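Visitor: Take a look and give me a structure for this.
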Amino acid sequence: MPAAPTTTSPDRAGGSPSRGPLDAVENASSAAILKVLRVTLHTGFAVLLGVALVRILMTGGPLRWLWAGVAVVLASVYLAGTVLEKRHAEGRTSMDPRRFALLWLVLVTGLWAFLLAGSADFAWLAFPIFFLHLHLLPRRAALLTITLMTAAVIASQWVASGAPVPHVAAVVGPALGAIFAVITGLAYAALYREALNQRRAADELRRTREELARSQHEAGVLAERERLAREIHDTLAQGLSSIVLLGRAAEQSLAGGDSTAAASQLELVQRTAAENLAEARSFVRGLSSPQLEGSTLVDALRRLCAATETGAAAAGLPLRCRVEVDGDPLDLPQPVRVTLLRAAQASLANVREHAGARTAVVTLAFLGTEVTMDIYDDGAGFDPDAAAAAAHGGGGGFGLRSLRERVAALNGSLELESAPGEGTVVAIRLPLEGR
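Guide: Here you go, the predicted model:
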């Protein structure tokens, strides 16, 4: 319908230029039909008003300038309403003309009725005004006003003919025109509702896609935080812990006058710090551990065991660590190698710092379709249930939880066996099928 100040703008149904790409493609055929109907209505109103105005001026009469002035006012009011609504629908003005819709309709209808009283030439303007009533008023009210306007048109034609009885054509023509306008208006309303519903569906789809993108972004952020937390715990945190222990040992050696042992311990501090710096740079870039670059997993585990022994010795702990290999070593996928190395780093760090063990054994077994790794120590052991409860309550245990997450990400399994005074075994099993 016309782009009048309405509560539901047809221009909005077609999608404003400021909307997203979904609105640009939604129901193009319906939008095109609505636009053609609006343009046709405006054009028809202008043509019928122009023809009536020309006839008034040509027929003469003492009041022709009065009717011409009123016709110009009607054209101005109609044009003002359409322009304001169009600008509002396109977002070019903040003033909302919809609250003046009924006032605008009353002005247009009243001016037309005044012109109709002066000349029957303005009777045909009733047909585009019918559509305004159908669009702006509730259906029953619109049908009532259309009936009254049709009666006014018939009466004006009767008076203009001067016949004692209105001609059949003067009755049938306006009546059929009103019926046609009502049918067309109802069809337009259905088409408009369809376009509006499709626009709402497009808006809902857009919101859903935005929420999905936002949730995916948040999930990615959380996943990256978890990755950084695991890497920091398994590398930097363990390295810093070793540096603290070695620093204390060096301090004790210096206090006892053993400068040679202190120098060896400080050298180990520098080496540990350099290794952790390389690890930090590596996981920030999302790469594998520097210990695995140009090396096999078995060699990296042996170097890790040697470093664990050295660190324990520097702290005055008599820990011996060795690596045992079962089966023929395979060229493992990089995620599997990194997970096993990180598991060994975290487990041996716990052995060195908490277990008080004398022996630690890392057993790596290649079983064809899977690879397993067991880290055993003969230390003090602990209660796994109590440790799990403490981790759940935020009291620690992040290393074990981080390790479980790493293993679960590769569809593997992790089992922990320990008891106070009986040592600890961490058993990891990772499938190789499909990798």
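Visitor: need the next SSE after the lengthiest helix in the chain, C-terminal direction.
Guide: Assignment by DSSP state H gives helix 168-231 as the longest helix of the chain. Remark: after helix 168-231, the chain's next helix or strand is helix 238-255, criterion DSSP states H and E.
Visitor: Kindly format the C-alpha coordinates of stretch 251-268 as PDB.
Guide: The C-alpha trace of stretch 251-268 is given here as PDB (Å, rounded to 0.1, in the frame of the first residue of the first chain):
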ATOM      1  CA  GLU A 251      72.000 -21.200  48.400                       C
ATOM      2  CA  GLN A 252      72.700 -24.000  50.800                       C
ATOM      3  CA  SER A 253      75.800 -25.000  49.000                       C
ATOM      4  CA  LEU A 254      77.200 -21.500  49.100                       C
ATOM      5  CA  ALA A 255      76.300 -21.300  52.800                       C
ATOM      6  CA  GLY A 256      78.300 -24.500  53.300                       C
ATOM      7  CA  GLY A 257      81.300 -23.200  51.400                       C
ATOM      8  CA  ASP A 258      80.800 -25.700  48.500                       C
ATOM      9  CA  SER A 259      81.300 -23.300  45.600                       C
ATOM     10  CA  THR A 260      81.800 -26.100  43.000                       C
ATOM     11  CA  ALA A 261      78.300 -27.600  43.800                       C
ATOM     12  CA  ALA A 262      76.800 -24.200  43.800                       C
ATOM     13  CA  ALA A 263      78.300 -23.400  40.400                       C
ATOM     14  CA  SER A 264      76.900 -26.700  39.000                       C
ATOM     15  CA  GLN A 265      73.500 -25.900  40.400                       C
ATOM     16  CA  LEU A 266      73.400 -22.400  39.000                       C
ATOM     17  CA  GLU A 267      74.500 -23.800  35.600                       C
ATOM     18  CA  LEU A 268      71.500 -26.100  35.800                       C
END
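Visitor: tell me what the longest helix of the chain is packed against?
Guide: When contacts are defined as 3 or more CB pairs under 8 Å, 6 or more residues apart in numbering; DSSP states H and E, helix 168-231 sits against helix 10-13, helix 21-25, helix 28-59, helix 126-136, helix 139-161, helix 259-284, helix 398-409. No exception for glycine: its C-beta is placed from N, CA and C like everyone else's.
Visitor: give me the number of residues near Leu102?
Guide: Neighbour count of Leu102, defined by other CB atoms under 10 Å: 13.
Visitor: Without its sequence neighbours, what residue ends up closest to it?
Guide: Leu136 (6.9 Å; CB to CB, 6 or more residues apart in numbering).
Visitor: Need the pLDDT of the one you found.
Guide: With respect to pLDDT, Leu136 scores 84.
Visitor: residue ranges of the helices in the stretch 301-435 of the chain, please?
Guide: Ranges of helices in the stretch 301-435 of the chain, per DSSP state H, counting those that start in this stretch, are 334-350, 384-392, 398-409.
Visitor: for those, which one sits closest to Arg214?
Guide: If you check each of the helices of the stretch 301-435 of the chain against Arg214 by CB to CB, helix 398-409 wins as the nearest, at 23.8 Å.
Visitor: Show me what the closest one is packed against.
Guide: By 3+ CB pairs under 8 Å, 6+ apart, helix 398-409 packs against helix 168-231, helix 334-350, helix 384-392, strand 413-418, strand 424-431.
Visitor: okay, those in JSON lines with mean pLDDT, distance to Trp124 and mean neighbour count next?
Guide: Output for those, formatted as JSON lines (pLDDT from 0 to 100; distance: least, CB to CB, whole Å; neighbours: other CB atoms under 10 Å):
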{"stretch": "helix 168-231", "mean pLDDT": "80", "distance to Trp124": "8", "mean neighbour count": "14"}
{"stretch": "helix 334-350", "mean pLDDT": "87", "distance to Trp124": "80", "mean neighbour count": "22"}
{"stretch": "helix 384-392", "mean pLDDT": "68", "distance to Trp124": "82", "mean neighbour count": "13"}
{"stretch": "strand 413-418", "mean pLDDT": "90", "distance to Trp124": "86", "mean neighbour count": "16"}
{"stretch": "strand 424-431", "mean pLDDT": "92", "distance to Trp124": "83", "mean neighbour count": "20"}
